[in-house]
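1. I would like the atomic coordinates for the input below:
(2 chains)
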Amino acid sequence: MPTVKGDGMRGLAVFISDIRNCKSKEAEIKRINKELANIRSKFKGDKTLDGYQKKKYVCKLLFIFLLGHDIDFGHMEAVNLLSSNKYTEKQIGYLFISVLIGANNDLMKLVIQAIRNDLASRNPVHITLALQCVANIGSREMAEGLSVDIPKLLVSGDTIDSVKQSAALTLLRLLRSSPDIIPMGEWTSRIIHLLNDQHMGVVTAAASLIENLVKKNPEEYKGCVSLAVSRLSRIVTSSYTDLQDYTYYFVPAPWLSVKLLRLLQNYPPPEDPAVKTRLTECLETILNKAQEPPKSKKVQHSNAKNAVLFEAINLIIHMDSDPNLLVRACNQLGQFLQHRETNLRYLALESMCLLATSEFSHEAVKKHQETVITALKTERDVSVRQRAVDLLYAMCDRTNAEEIVGEMLEYLESADYSIREEMVLKVAILAEKYAVDYTWYVDVILNLIRIAGDYVSEEVWYRVIQIVINRDDVQGYAAKTVFEALQAPACHENMVKVGGYIMGEFGNLIAGDPRSSPLVQFQLLHSKYHLCSPATRGLLLSTYIKFINLFPEIKHTIQDVLKSDNNMRNSDVELQQRSIEYLQLSSIATADVLATVLEEMPPFPERESSILAKLKKKKPNSVPDGSEQKDQMPKLPTAQMSNSSDSAQPTSINLMSQGSPAASGAASASVDLLGLGTPTQTTAPPVGGGDGFLVDMFDTLTTSSPAPATNGMDLGGLTGGAEEAFKKFICKNNGVLFENDLLQIGVKSEYREDLGRVWVFYGNKTSFQLNAFCVDISTPGDLATSLSVQQKPVGGEVEAGAQVKQQFNMACVQEFTDAPILNIQFMYSGAQQKINLKLPVVLSKYITPAEMDSGNFFGRWKALSNPSQESQQIFKASAPIDIETTKSKLLGFNVSVLDNIDPNPENFVSAGVLHTRNQQVGILVRLEPNKQAQMYRLTVRASRDRVAKILCDLLQSQL
Amino acid sequence: MIKAILVFNNHGKPRMSRFYQYYPEDMQQQIVRETFHLVSKRDDNVCNFLEGGTLIGGSDFKIIYRHYATLYFVFCVDSSESELGILDLIQVFVETLDKCFENVCELDLIFHVDKVHYILAELVMGGMVLETNMTEIITRIEEQNKLEKSEAGIAAAPARAMSAMKDMNIPQKIKDMKLPDLPSIGNLKF
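-> Next comes the predicted model:
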């Protein structure tokens, strides 16, 4: 049946051959440009082209597009073609449009009109073409234009099967892209009955659609469970001759079976005993069939059969209720672990990961530990090895932790670079989680650093230090071990960091041994000093000052080092400063003071392992749900932003006032043990805040901003449109503040007297995850002292289509003019994106309306007659004067609108109270419109200087 | 859901690409390149699934592919699809192509991109499996061909007669033009 290629278009074939004969890329581009010019002139020319010619040119454009060239014309011709009555012309027209048109193209209206015509036609071939186009583009505009027509096609009695099939999938696509637009109605209640349809193709398409509906509203479509089970049962138990056409290599309707089994994974095990029994029978039959000899040697046969089998196993794991089935599933997967087909080994490892989390089968999974370890060592395919790592991680518990961690460490030495970092994290987590003996834990982590130092992220070594500090039974051992590890001629810088830190704290515990006497310890560390980065050197300097306290006998040696030009005059300011200050501290302070200042680190508060957080961030799906996972990040007080003067001082001076220099020293360098990342000065908490210094790891993890967030606008101007958007919010509290192709930012706010709460909603409009999403707020000018801002953290990623919310608390301390600036940064498709917006927090938000009578009003009005208390402006109205609009503006400005006070009824008189933390300020407003001239005279009086002027300016911008 | 279907040859030259989610043109090109880079360096006997591909989806996303002679058939799918099911779907696609083109080879795909799209449209729609019954698929394609023939018969008769005269057997000629040893991809290693 080679009819498909029967009648090529000659011009097209010649063109393609030309391209293929091009000897070089340049020649190809030249030929293409020539052709593009030719087509362009044909399309522009006055000679009308017939359908055949148009088809030919459009086909050429498609081919050129496939080669990777942008096509910016021909769309109009394609729209003409798809409006044609001839099938072949329509077909190519639709193809061109659905491959080449973006959802926002100007021609979309025309296309939708043509689609609507075709859908209304009686011709099923035309209807199908139109549906295909909608399903493939699936834009919002299409959903709006066709939301009625398509459901009608789906449930109408006289629609033929193939059209029904297409209509179901088209509807699914529109539901996915614009769920809010498609009306739920009559069709939704009838849809589940399509599972009973005669035509298997219709059932397959419908099952996809139903699954999507079920995910949104499982209750409403509960009826589909029994229908799906009975359909499945009929397929599974039938002999393959029953479903002749849908039998694929002797497997009855494998795709439909898979779909049905997936659908059932959206529900708990059926409650109705009859349905439940029937389902169990199906699952058993599927498991039994796996043991039967294959009906064909072709790989398609086993693929199709196993596709169903794996889905059945997934359902068994999902229901997690029948121990018998679970164990059978596990045994089946165990068989696959040793199968010669790589695909099956891969899938078996993947499914077993799920199985390991079920309490019924966890033990059964553990039986396969040896096989999995062998897989890790011998598999040739990195995808499979990766799965083996995941499974080992999932099956690990207290009984086998030591062995699994040992194996993983061993494998790490030869592991693929692409999976090393993740393996390091996993090993570190397992070692911590299942450590009975913490000396073992310390060994594992030091081994990790030794074997794969480059892949050991900061979180890993922060964590080992936290644990050593918190557990005094392991401190001596840790000191001894790091001392030994540092003996190696070449050791990783991370090892130096851990070693420096631990020896600075606990070096005294091993100083009794002459082989690790104070001087030896110091010399060992210092021998690494010159090879390290400035950050590590800073840490080592802190170790040295700690040594001065621990070992007064080597004080002079250390002082000599601090004094050396290399440190005192180092080009790195941080090192220079540390050297000078530590030297001074060691010379001036008495032993008692030194002992207090350089005391041992206090234990860290217990918290979820930051490594786990990192792994979760890296691979959201790979961490099995377990007790250790907390969805809620610990809520800790976040940094106040209003401390501008203090935090601007050099941090190493501040650390003298802290109890623990090692900790604060670390915080000022980039090796902060507690606050991850680089703590910027604005996110650092107020100095002298004692315990507040121990900023929670998670807080900084999520809020720390990569750019140095100094106060002020000099970081870069506002994003376009920010100023206008900001103005719109002066008289309203909620709405969309900003929108571009990537992001929509909404604002919701509430104010109560001097306290304000602002929620900012960041909606990811793209179909990609936005990475490294971070938001910082800056308070320009006098705002830092006038507005107290608290910022809740916002996560590092925003998933495709998801929205995240961030809360700000804004307390008004005193009157202010500027608005806080919101600096949003994130990565989108590899590029850094920055958005700077003015957050609509203005003084008028802190006003509450006040009611008063005429006498009262004028009494107060006269009392505020000092020139500094009044501000007046006369200006042209920005829009035609309308009483109601003006009134609502005033109400939105949070002042009352008082009637019967002004002798002129045209005039507005308003009053309110401005709440600040320091005082309350009375506000009186008089607004005199002049309709003839379209002018306003606005007078604001307030009981505090400056306030009248600020409010007058704000209100004027709205009128 | 299937996010994209890509067909490219051993050198990474795209032969067909179909995206079921909107990506800008340059992004589409990047995805093809990235995917080629990922699959081409893999041996033939490793598994047909792999993760990675940062451009198209992130962690919830897999590449499922088959390598036939000179061509890679790659489906980029999310986690809601059965891996083996998709693998079979690729097989159905290729078998259908093979039936329609009679021993399909890379050149058929090059010279008949439009037809390949039409055949695919009968299998997959909007990123979901539409029909898996090969008999049904081929019936539908034959119907299309009939329509095409009847239309060609009336309208384009003069033009078509001319071109038929000029070139009686163009597809065969083209096949002979270059790469004569191109193996047919249909009957290889299923």
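
2. the strand or helix carrying residue A:807: which residues count as buried?
-> Taking DSSP states H and E as the definition, one finds residue A:807 inside strand A:803-812. By neighbour count on 16 or more other C-beta atoms under 10 Å in any protein chain shown, the buried set for strand A:803-812 is A:804, A:806, A:808, A:810-812. C-betas here are computed from N, CA, C, even on glycine.

3. report the distance from that strand to the chain centre.
-> The chain centre lies 18 Å from the centre of strand A:803-812; the measure is C-alpha atoms, centre = their mean, to the nearest Å.

4. tell me the strands beside it, with direction?
-> Next to strand A:803-812 in the sheet, as set by DSSP bridges, lie strand A:755-764 (antiparallel), strand A:787-791 (antiparallel).

5. quickly compare these and say which is most buried.
-> The highest mean neighbour count among the strands paired with strand A:803-812, using mean count of other C-beta atoms under 10 Å in any protein chain shown, belongs to strand A:787-791: a mean of 22.

6. same for the helix or strand hosting residue A:52, what does it pack against?
-> Taking DSSP H and E as the criterion, residue A:52 maps to helix A:51-66. Using 3 or more C-beta pairs under 8 Å, 6 or more residues apart in numbering or on different chains; DSSP states H and E, the elements in contact with helix A:51-66 are helix A:10-21, helix A:25-44, helix A:75-82, helix A:87-100, strand B:14-19, helix B:113-123.

7. compute the inter-axis angle for it and helix A:25-44.
-> With axes from the mean of the first three to the mean of the last three C-alpha atoms, to 10 degrees as the basis, helix A:51-66 and helix A:25-44 are set at 150 degrees to each other.

8. quick one: helix A:51-66 to chain centroid distance?
-> Relative to its parent chain, helix A:51-66 has a centroid offset of 41 Å by C-alpha atoms, centre = their mean.

9. ok, residue A:821 - contacts?
-> A:713, A:718, A:777-780, A:836-839 (C-beta atoms under 8 Å, 6 or more residues apart in numbering or on different chains).

10. how about residue A:361, phi and psi?
-> Main-chain torsions, residue A:361, degrees, to the nearest 10: phi -110, psi 0.

11. okay, now the residue nearest to it when sequence neighbours are not counted: neighbour count?
-> Nearest non-adjacent residue to residue A:361, counting by C-beta to C-beta, 6 or more residues apart in numbering or on different chains: residue A:326, 4.4 Å away. Look at residue A:326: counted by other C-beta atoms under 10 Å in any protein chain shown, it has 23 neighbours.

12. ok, the one 3 residues further on next?
-> Look at residue A:329: counted by other C-beta under 10 Å, it has 28 neighbours.

13. over to residue A:480?
-> 18.

14. any low-confidence regions in the stretch 201-350 of chain A?
-> Residue ranges of the stretch 201-350 of chain A with pLDDT under 70: A:239-244.

15. around chain B, pick out the residues from it.
-> The stretch 201-350 of chain A has residues A:201, A:204-205, A:208, A:211, A:245-246, A:248, A:254-255, A:258, A:262, A:298-300, A:303-304, A:306-307, A:310-311, A:342-343, A:345-347 near chain B, with proximity defined as C-beta under 8 Å from any C-beta of the partner chain.

16. which residues are in contact with residue A:455?
-> Applying C-beta under 8 Å, 6+ apart, the residues contacting residue A:455 are A:420-421, A:423-424.

17. for residue A:152, same thing?
-> Going by C-beta under 8 Å, 6+ apart, residue A:152 touches residue A:187.

18. just the element for it, please.
-> Going by DSSP H and E, residue A:152 is in helix A:149-155.

19. inside strands: which ones of the contacts of residue A:455?
-> With strands taken from DSSP state E, there is no overlap with those.

20. which of those come close to chain B?
-> Within the contacts of residue A:455, nothing lies near chain B by C-beta under 8 Å from any C-beta.

21. thinking again about what came up before, take the strands paired with strand A:803-812 and write them to a markdown table, including mean pLDDT.
-> Converted to a markdown table, these look like this (pLDDT from 0 to 100):
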| stretch | mean pLDDT |
| --- | --- |
| strand A:755-764 | 86 |
| strand A:787-791 | 83 |
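
22. how about the residue of chain B found nearest chain A: what's its closest non-neighbour residue?
-> Nearest to chain A in chain B, going by C-beta to the nearest C-beta, is residue B:126, at a distance of 3.1 Å. Nearest residue to residue B:126 in three dimensions, chain neighbours excluded: residue A:135, at 3.1 Å (C-beta to C-beta, 6+ apart).
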